[in-house]
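S.K.: Here's my sequence, what's the structure:
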Amino acid sequence: MPFFKFQNIRIAGIASAVPTNTVNVDSFIPSFGEEVVNKFKTMTGISEYRKTHDKQTASDLGFVAAKKLLYEKNIDSKCIGAIIFVSHSPDYRRPATACVLHKRLELSKECVAFDMNLGCSAFVYGILAVCSLMQSSDINVALLVVAETISKIVYPMDRSTAMLFGDAGSAILLVKEEGSEEIQGLLRSDGSGYKAIIAPAGGFRNMYASTEPMMWPDGNERTLYNTNMNGTDVFNFTISDVPKAIRDFFNHTNTCVENYDYFILHQANKFILKQLSKKLKIPEEKIPICLDHYGNTSAPAIPLTLCDTFGHVQGTVINTLMCGFGVGLSWGVLSAKINTDSIIPVVETDEYFAEGIINSPNQL
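M.R.: Predicted coordinates:
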């Protein structure tokens, strides 16, 4: 299996940003009916989520989180040796959004900048990719930005997704430091499940598909440009492959549930988290939840949960096991000790990059 171990690299800071706009799930009662909405809230545990305005992108949320992180940790932007942006919500088809963030954060020309196209597993994949980059180079300080605006590609009358997904962005600071605790992880994927969570149109495979809403096999109306999720396939994957990966991680590292203070899991929904808790015999109090007020935010769900739970906790070192899983299908497990002094409370923002909205050749 692809197993990773890194020494002398630590997670030195985590910041998260969400839009100011809060959408209450009860606002869907006129559209879906009280019974449907109440059943959704009971099953998922979500009562509200955050939604970006039309001009606000995932990178705007990531930028605010990164700016806050660099300020709070007193980091000179010119010392950043790499910035990696992981998301399914880029600013443009080209260039890489990491290059836009590079400009906005005023990073040095000696800084590596590139994107990774991942969703629910973005944080775990991103951390292990950045650590790999740092370990094999002279980069001493790096930024990982994970952000998503899934609300922009859900169909408003789709009962399966319209109330589920929220928008958020996170920035993670990694630094080389002698004597740091090990960061360990494993990564897995199953491309045979690529259709389980998919927006079929809008990419280069099907650029000019019909924009007309149509009825799908699950009884929901949506267009080909909207996110479609096969709930049964996703659930079966989550309660089989994900626990196996965590058990494999335990076996490889000779650890068990009792060795970890907290399990920071992808915030899919409350029912799935409860099932994972039962299968792995993890006490529910060890699994922090923030999806009740932020929804399923995909890429930044893990760092957002850390900021929401520990942003106001000072002077505590927590031994965490983190697991991201979903779209791809893609999943991974990561362990790290994090000082809560490095975790910043969630910030709210309506900020957006006005210069980046290009509607005319004269703007280039």
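
S.K.: Give me the secondary structure label for the closest residue in space to Cys256 that isn't next to it in sequence.
M.R.: Distances taken as C-beta to C-beta, 6 or more residues apart in numbering place Phe250 nearest to Cys256, at 5.6 Å, with adjacent residues excluded. Using the backbone N, CA and C atoms, a C-beta is placed for each residue, glycine as well. Per DSSP: H, G, I helix; E, B strand; the rest coil, the local secondary structure of Phe250 is helix.

S.K.: What score does Pro361 have for pLDDT?
M.R.: On pLDDT, Pro361 comes in at 91.

S.K.: Any figure for the gap between it and Val100?
M.R.: 19 Å (C-beta to C-beta, to the nearest Å).

S.K.: For the two, work out which one has more neighbours and name it.
M.R.: Shown here are Pro361 and Val100; by other C-beta atoms under 10 Å, Val100 has more neighbours (24 against 6).

S.K.: wait, the more buried one sits on Glu355?
M.R.: No. Contact criterion C-beta atoms under 8 Å: Val100 and Glu355 do not qualify, at 9.5 Å.

S.K.: Wait, a strand at Trp186?
M.R.: One thing to correct before we go on: residue 186 is Leu, not Trp. Yes. Under three-state DSSP, Leu186 sits within a strand.

S.K.: wait, what's in contact with it?
M.R.: Met1, Pro2, Phe3, Phe4, Ala245, Asp248, Phe249, His252, Gly332, Val333 (C-beta atoms under 8 Å, 6 or more residues apart in numbering).

S.K.: Excluding covalently adjacent residues, which one is nearest to Tyr92?
M.R.: Per C-beta to C-beta, 6+ apart, closest to Tyr92 is Val100, 7.9 Å.

S.K.: tell me the secondary structure for the one you found?
M.R.: Quick answer, by three-state DSSP: Val100 is helix.

S.K.: before we move on, what about Ala171?
M.R.: Ala171 - assigned by three-state DSSP - is strand.

S.K.: same check, this time on Pro243
M.R.: helix.

S.K.: pLDDT score for it?
M.R.: pLDDT, Pro243: 97.

S.K.: distance of it from Asn296?
M.R.: From Pro243 to Asn296 the distance is 19 Å (C-beta to C-beta).

S.K.: before we move on, the earlier item: give me the number of residues near the residue nearest to Cys256?
M.R.: The burial count assigned to Phe250 is 18, neighbours taken as other C-beta under 10 Å.

S.K.: can you check Gln267 too?
M.R.: Using other C-beta under 10 Å, Gln267 has 31 other residues around it.

S.K.: Just list the residues touching it, thanks.
M.R.: Here Gln267 is in contact with Leu273, Ile289, Cys290, Leu291, Tyr294, Gly295, Asn296, Thr297, Ala301, Leu304, Thr305 (C-beta under 8 Å, 6+ apart).

S.K.: Show me the helices in this protein, by range?
M.R.: With DSSP state H as the criterion, the chain has helices at 29-32, 34-44, 58-72, 97-104, 122-135, 231-253, 270-280, 291-294, 301-310.

S.K.: Between those helices, which one is closest to Ser89.
M.R.: Among the helices of the chain, the nearest to Ser89 by C-beta to C-beta is helix 58-72 (3.9 Å).

S.K.: And the contacts of the helix or strand bottoming out on mean pLDDT in the chain?
M.R.: The weakest-scoring helix or strand in the chain, judged by mean pLDDT, DSSP states H and E, is strand 228-229 (a mean of 89). Residues from elsewhere that reach strand 228-229 (C-beta under 8 Å, 6+ apart): Ser160, Thr161, Ala196, Ile197, Ile198, Ala199, Pro200, Trp216, Arg222.

S.K.: Narrow these to those that are buried.
M.R.: Listed as buried from these are Ser160, Thr161, Ala196, Ile197, Ile198, Ala199, Trp216, Arg222; burial here means 16 or more other C-beta atoms under 10 Å.

S.K.: Let me know the closest of those residues to Lys67.
M.R.: Ala199 (29.4 Å).
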